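Novice: Okay, structure incoming, though there's no sequence with it:
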């Protein structure tokens, strides 16, 4: 087995700074189960939640909408993530996304915008691998869309 650059593990503690929820536009993919959880969190039925908070993107993929400034529709500058306890897998698995843990330089680059990287509890390399396999980002979602898995 090839030695991982993060063999000693990776440290991360979310500071709830909102940097990952704001800034450049992107996509936060949501599954039907996540939509149900999020709808419950904002006290709406699924259809209303979909209409207000989501948009269809490539193929069958559904993403949370963004505000005009690029921030997540569920992010509040004063409160932070308004659904933090029910957040989608993509948000829950950050920063252990495949693209971020792919190399030390990618991790270092992300650490320039995320104050939680390299601090807090250290996840083992095996735990990082397990999280990144189910990261919820668009690149890994393509395989999930072809063979759906449980959230």
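Specialist: Ah, there it is. Please read these numbers as outputs of a predicted model, since none were measured by experiment.
Novice: Give me the phi and psi angles of residue 12.
Specialist: phi -160, psi 140 (degrees, to the nearest 10).
Novice: My error: substitute residue 62 in the last question.
Specialist: Dihedral angles for residue 62 - degrees, to the nearest 10 - are phi -120, psi 140.
Novice: how close does it get to residue 41?
Specialist: According to Cβ to Cβ, to the nearest Å, residue 62 and residue 41 sit 16 Å apart. Where C-beta positions appear, they are placed from N, C-alpha and C, glycine not excepted.
Novice: try residue 23
Specialist: Applying Cβ to Cβ to residue 23 and residue 41 gives a distance of 23 Å.
Novice: Looking at these two, which is more packed in?
Specialist: With neighbours defined as other Cβ atoms under 10 Å, residue 23 and residue 41 compare such that residue 41 has more, 16 against 12.
Novice: Provide the strand pairings for the longest strand along the chain, with the direction of each partner.
Specialist: The longest strand of the chain (DSSP state E) is strand 117-123. Paired neighbours of strand 117-123 in the sheet (DSSP bridges): strand 10-12 (antiparallel).
Novice: and the helix or strand just after the partner strand, how far out from the chain's middle?
Specialist: Using DSSP states H and E, the helix or strand that follows strand 10-12 in sequence is helix 32-41. From the chain centre to the centre of helix 32-41 is a distance of 15 Å (Cα atoms, centre = their mean, to the nearest Å).
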